[in-house]
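[1] Quick one, structure for this:
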Amino acid sequence: MKEAIAKAGALIEAMGYIRQFRSRIVVVKLGGSVLDDTSLQKKLLTDIAFMATVGMQPIIIHGGGKAITEAMSRAGLEAVWVQGRRYTDQRTLTIAEHTLVHKINTPICETLTELDCEPMGLHSLASCVLFAEPLRLAGEDGRKLDLGLVGTVSEINAHLLETLCADGTIPVIAPVAKDKAGGKLNVNADSAAGKVAAAVQAEKLVVVSDTHGIRTDINDPDSWVSSLDETQIKDMIDSGIITDAMFPKVEACLTALEAGVKKAHIIDGRIEHSLLLEIYTDKGIGTQIVKN
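    Now for the predicted structure:
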C-alpha cells in the first residue's frame, strides 16, 4: 500500500510539470555511455517516449565520438586531434557518417518505433536540418588551423523541426551538416544541440552525458551543484573549473539560454530515469543552468 501511495504522490508531483510543458519543445542531446549500452539507451528512450506521450515535443540529437574512433581503428586509421577536435579527411568523414547514421541514428529510431513513437532520422543521407561552414581554429602563431571537413553550425532548418514536432514526430538528428556548396561537414554534437534549441526556441535543453552535473571541484563527486546561473558558469570557465569535455556542453547551454531558452540541464544518463527525474520532479537530479 505504501509503495502504491508513493507512486501516486510522484504522479501528482509530475502533474504540474506535465501541464507546464505540454506542447513545448525539449531538445535532448544524447552522448556518453547511453550510446554504447543498448539496455541503458532503451531506458532513456523510454523516458523520451513518456515525454512524447504526455504532450511534450522532444527533439533528439546524438553524438558518437567513441563509436567513430572504434570504426576508424577497425579500418586501420588512427584519429588525429587538433586542440581536442578530430581532424577529418574524406575517408574519416565517410566512416563517421556511416557510423552516425547506420550504427546510432537508425537504431535509436527503431527503438522509438518499438515504443509506439513516430521518429524521423534527420541526417546527411536523408533530410538534413544542420547547415555549417568550415571551422578554423586559431593557432599559437596567429595562423588558422585547418581541421579538414569539420564545421561549425551556421543555420538550422527550424521550420522543418517545428513542423515535425507539431505533427507528433520525434526528430532524431545526427551531427553531420551540409555546407553551402552541398558538401558535408562533421560538427560537434553538443554545439549543434545548443544551436537547435536556440533555433526552435525550446523550453529546455537537456544534455545527457556520463557526469552527474557540474562540480565545483572536478576531483570531488560531492561538490556537484544543482543550480547555477550564467554569471556563475562564466566565472567557473574563467577560473579553469570548467574545461575539456565539459566545456562544449556548458557552451551549448549558454548558447541556448542567450537565445531565450528558459533552462538548460546537464544530467547523468547512467542513472535510471534521470531524464524524467530532472524534468518532472521538484529537486531534479543534475545541474540546471538558468539565466541571471
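[2] shaky segments in the stretch 51-200 of the chain?
    By pLDDT under 70, the weakly predicted segments of the stretch 51-200 of the chain are 140-142.
[3] tell me which element the nearest residue to residue 47 once chain neighbours are set aside is part of?
    Of all residues not flanking residue 47 in the chain, residue 275 sits nearest, at 4.1 Å (CB to CB, 6 or more residues apart in numbering). The C-beta positions use only the backbone N, C-alpha and C, and glycine is treated the same way. Residue 275 is part of helix 274-280, with elements assigned from DSSP states H and E.
[4] How far does that helix sit from its chain's centre?
    15 Å (CA atoms, centre = their mean, to the nearest Å).
[5] Tell me the helices and strands packed up against it.
    If contacts are counted by 3 or more CB pairs under 8 Å, 6 or more residues apart in numbering; DSSP states H and E, helix 274-280 sits against helix 2-21, helix 38-53, strand 204-209, strand 263-268.
[6] Quick check: what element follows it along the chain?
    Sequence-wise, the next helix or strand downstream of helix 274-280 (DSSP H and E) is strand 287-290.
[7] so for that next one, what's the average pLDDT?
    Summarised as a single mean, pLDDT over strand 287-290 is 90.
[8] count of neighbours near the residue nearest to residue 47?
    29 (other CB atoms under 10 Å).
[9] Need the pLDDT of residue 242.
    Predicted confidence (pLDDT) for residue 242: 85.
[10] nearest residue to it other than its sequence neighbours?
    Excluding the flanking residues, the one nearest residue 242 by CB to CB, 6+ apart is residue 236, at 4.7 Å.
[11] and that neighbour, how many neighbours?
    Residue 236 - counted by other CB under 10 Å - has 19 other residues nearby.
[12] and what of residue 72?
    Around residue 72 there are 18 residues (other CB under 10 Å).
[13] where along this protein do the helices fall?
    Counting by DSSP state H, the chain has helices at residues 2-21, 38-53, 65-74, 90-98, 106-114, 158-166, 189-199, 230-238, 246-258, 274-280.
[14] Same list (those helices) but as JSON lines, adding distance to residue 265.
    Supplementary listing: those in JSON lines, determined by distance: least, CB to CB, whole Å:
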{"stretch": "helix 2-21", "distance to residue 265": "13"}
{"stretch": "helix 38-53", "distance to residue 265": "13"}
{"stretch": "helix 65-74", "distance to residue 265": "21"}
{"stretch": "helix 90-98", "distance to residue 265": "27"}
{"stretch": "helix 106-114", "distance to residue 265": "20"}
{"stretch": "helix 158-166", "distance to residue 265": "19"}
{"stretch": "helix 189-199", "distance to residue 265": "11"}
{"stretch": "helix 230-238", "distance to residue 265": "13"}
{"stretch": "helix 246-258", "distance to residue 265": "8"}
{"stretch": "helix 274-280", "distance to residue 265": "5"}
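[15] quick revisit: distance of the residue nearest to residue 47 relative to residue 288?
    13 Å (CB to CB, to the nearest Å).
[16] Kindly report the same for residue 173.
    Residue 173 is 23 Å from residue 288, by CB to CB.
[17] These two - which one has more neighbours?
    A direct count of neighbours by other CB under 10 Å for residue 173 and residue 288 places residue 173 higher, at 27 against 22.
[18] Show me what that one bridges to in the sheet.
    Assessed by DSSP bridges, residue 173 has beta-bridge partners residue 61, residue 122.
[19] Identify the residues contacting it.
    Under the criterion of CB atoms under 8 Å, 6 or more residues apart in numbering, the neighbours of residue 173 are 59-62, 122-123, 129-130, 192, 196.
[20] residues in contact with residue 81?
    So residue 81 contacts residue 87 (CB under 8 Å, 6+ apart).
[21] go on, residue 244?
    residue 84.
[22] can you start the count at 6 instead of 1 from here on
    Yep, numbering from 6; the last one is residue 249 now.
[23] State the distance from the closest residue to residue 215 other than its chain neighbours to residue 273.
    Distances taken as CB to CB, 6+ apart put residue 37 closest to residue 215, at 3.7 Å, once the chain neighbours are dropped. With distances taken as CB to CB, residue 37 is found 8 Å from residue 273.
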